[in-house]
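Colleague: coords please:
(2 chains)
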Amino acid sequence: MKILVAVKRVIDYNVQIRVKEDKTGVVTDNVKMSTNPPDDNAIEEAVKIKEAGKATEVIAVSVGEEKAQETVRKALAVGADKGILIKTDGVLEPLAVSKLLQKIVEKEKPDLVFMGKQAIDDDCNQTGQMLSALLNWPQATFASKIEIKDKKLEVTREIDEGLETIEIGIPAIVTCDLRLNEPRYASLPNIMKAKKKPIDQINASDLGVDTSPRIEHIKIEEPPKRKAGIKVSSVAELVQKLKNEAKVI
Amino acid sequence: MSVLLIAEHNNQDLKPFTLNAVTAAAQMGEDLHAIIIGQNCGDSAKKLSELPLVKKVIQVEAAHYENFVAENFAPVIIKLAERYSHIVCSANTFGKNLMPRIAASLDTSQVSDIIKVISPDTFLRPIYAGNAFATVKSKDAKKCVTIRPTSFDPCESSGGSASIEKVEPGEEFNNTKFVKREEIKSDRPELGTARVVVSGGRGMQSGDNFKLITSLADKLNAAIGASRAAVDAGYIGNDHQVGQTGKVVVPDLYIAVGISGAIQHLAGMKESKVIVAINKDGEAPIFSVADYGLEADLFEAVPQFLDELNKLNTIQK
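Modeller: Numbers count the residues shown, from 1 in each chain, chains lettered A, B, ... in the order given. Predicted coordinates for the structure are as follows:
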């Protein structure tokens, strides 16, 4: 079984975002970039399945600018066998990304495609479901547990009401939640080894997909600021304030 | 052309946020239709028809719709999509799972999780965990939009009498089977709609200690929330998680106990009307959004809080 894992390079989750003064976006120069957190869970799960002898190959794919190669390299360092970078200028919408991934799926013919449930930059939560639709494959979104049963997967999904379990036939798409597993850190020897693993570079424009934006970003602004609050010195004061000032209890 | 809202329900009843979604959808066009797909969902369809903003209800029933599998739902909407300018749904796990499947099939770039309708093609949506707001204009002929329910008021729920049209079900998608759902039943208010939310974080130190949060929530008739750290540590179930990848809540009162205030947690609660933070670390980022901050050991402060509330004895239900 072959598993394709899609990973995205995003601003690190610990970085406090700054909006550009001209309102065209957020500041990314000299800002720490990392793998989108739930994509780390996706890679981890694929590698674990391979280590359990249930998969033979794990391929990491990213769509982005040249530097997204680092994100693919990191996936190789934690156990993916091969990388693919689909090079683009600038940021693509999930619809365009899923069409590009569809081309890779058609070429690589994986049995499973994993990715994070949502990217923490645009917060769209679309790509996995869109790819499932384009391929007409089953989708298991927000996965917190995956069990492989012959040609099927039993997936536990985190839903608003609690947990849901579905059974899907392979080939399938799974989007991973943060509680699926505990992503490992790459060891130094594995980082060195990853440097020798192959990364195929493909220009998005060579894949015959229309990736032009359908959504115009008119402006990006800072959200309204909350006015600064106060510190109270005791629980009694807190309760008095809540009752008499805020009037919420 | 009309706007189509996909109703969220549990067959017996509409989910409360469907009313918020109706409000949002009605701002995108005048003629609002609502579709309900399920099994034995006639009562819910009737309730939908009583919403004055809804001009027509489409009801589709079959056994394979009982458990809301997106692979079964999407073709039904796609088949009807021709008649509509907008397809709208709530951005909760139901809508997040379903809408992109519809959008991709219609070759539409979805606009996710909007918090404001500026015009029928222009919307405001938070990005980067709510640390930036993007004003976006969809250039697609057909818009697929998910809305953040807590950013819209619920619509009027009675007085309407829309017609209910029954539509033949589509085929079943055979490669996805529902197995089971483990819903956590509770007498408490729902996290998404509660007037008061009491949340615990990593500072609770154990699942057992969460009973302090439970007692405080009982006292305030509040829902129970949690930070991702507390859920990851197994102190409490995922259905309580508040944050960028969990639920977004906007209660009148949000009490954060032992929560440091990571960016992704703030994304889920910083629009709350009044925020209280109890944390022993005076430098914790949660204090930057708190209206009332109490720098204290939660294991002393929460029992005191309960005592003070008992003294007040005038808690609203």
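Colleague: quick one: low-confidence parts of chain B?
Modeller: Along chain B, segments meeting pLDDT under 70 span B:314-317.
Colleague: give the buried residues for stretch B:148-168.
Modeller: For stretch B:148-168, a neighbour-count test (16 or more other C-beta atoms under 10 Å in any protein chain shown) marks B:148-152, B:154-155, B:157, B:160, B:162, B:164 as buried. Backbone N, C-alpha and C define where each C-beta goes, glycine included.
Colleague: straight-line length of that stretch, end to end?
Modeller: Taking C-alpha to C-alpha, to the nearest Å, the first and last residues of stretch B:148-168 lie 30 Å apart.
Colleague: about what we covered before: which of the buried residues of stretch B:148-168 fall in strands?
Modeller: With strands defined by DSSP state E, the entries of these inside them are residue B:164.
Colleague: how close does residue B:102 sit to residue B:87?
Modeller: Separation of residue B:102 from residue B:87 (C-beta to C-beta, to the nearest Å): 6 Å.
Colleague: need the pLDDT of residue A:227.
Modeller: With respect to pLDDT, residue A:227 scores 81.
Colleague: what's the burial count for it?
Modeller: Other residues near residue A:227 number 6, with proximity taken as other C-beta atoms under 10 Å in any protein chain shown.
Colleague: which secondary structure state does it sit in?
Modeller: Taking DSSP: H, G, I helix; E, B strand; the rest coil as the rule, one finds residue A:227 in the coil state.
Colleague: could you pull out the strands in chain A for me?
Modeller: Under DSSP E, chain A gives strands at A:2-6, A:9-11, A:33-35, A:57-64, A:82-87, A:112-116, A:139-149, A:152-159, A:162-169, A:172-176, A:199-203, A:215-221, A:230-232.
Colleague: angle of the first one against strand A:82-87?
Modeller: Compare the direction of strand A:2-6 with that of strand A:82-87 by axes from the mean of the first three to the mean of the last three C-alpha atoms, to 10 degrees and you get 40 degrees.
Colleague: packing partners for strand A:2-6?
Modeller: Packing partners of strand A:2-6 (3 or more C-beta pairs under 8 Å, 6 or more residues apart in numbering or on different chains; DSSP states H and E): helix A:37-51, strand A:57-64, helix A:94-108, strand A:112-116.
Colleague: with distance to chain B, mean pLDDT and mean neighbour count added, can I get those in CSV?
Modeller: Below are the helices and strands packed on strand A:2-6 laid out as CSV (distance: least, C-beta to the nearest C-beta, whole Å; pLDDT from 0 to 100; neighbours: other C-beta atoms under 10 Å in any protein chain shown):
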stretch, distance to chain B, mean pLDDT, mean neighbour count
helix A:37-51, 7, 98, 23
strand A:57-64, 15, 98, 26
helix A:94-108, 5, 98, 21
strand A:112-116, 9, 98, 29
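Colleague: closest to residue B:209 out of these?
Modeller: For the helices and strands packed on strand A:2-6, the distance to residue B:209 is smallest for helix A:37-51, at 26.5 Å, taking C-beta to C-beta.
Colleague: can I get the closest one as CSV, trimmed to CA atoms?
Modeller: Output in CSV follows, covering the C-alpha atoms of helix A:37-51 (Å, rounded to 0.1, in the frame of the first residue of the first chain):
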residue,chain,number,x,y,z
PRO,A,37,0.6,21.3,12.6
PRO,A,38,-2.0,18.7,11.7
ASP,A,39,0.0,17.9,8.6
ASP,A,40,2.7,16.6,11.0
ASN,A,41,0.1,14.3,12.4
ALA,A,42,-0.7,13.1,8.9
ILE,A,43,2.9,12.3,8.1
GLU,A,44,3.3,10.6,11.5
GLU,A,45,0.3,8.4,10.9
ALA,A,46,1.5,7.3,7.5
VAL,A,47,5.0,6.5,8.8
LYS,A,48,3.5,4.5,11.7
ILE,A,49,1.4,2.5,9.2
LYS,A,50,4.5,1.8,7.2
GLU,A,51,6.5,0.8,10.3
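Colleague: what about residue B:297, neighbour count?
Modeller: Residue neighbour count, defined by other C-beta under 10 Å, stands at 12 for residue B:297.
Colleague: wait, residue B:185
Modeller: Using other C-beta under 10 Å, residue B:185 has 7 neighbouring residues.
Colleague: quick one: is stretch B:28-42 near chain A?
Modeller: No. For stretch B:28-42, no contact with chain A is found by C-beta under 8 Å from any C-beta of the partner chain; the gap never falls below 15.1 Å.
Colleague: now residue B:295, nearest residue through space, not along the chain?
Modeller: Closest residue in space to residue B:295, ignoring its immediate chain neighbours: residue B:282 at 4.5 Å, by C-beta to C-beta, 6 or more residues apart in numbering or on different chains.
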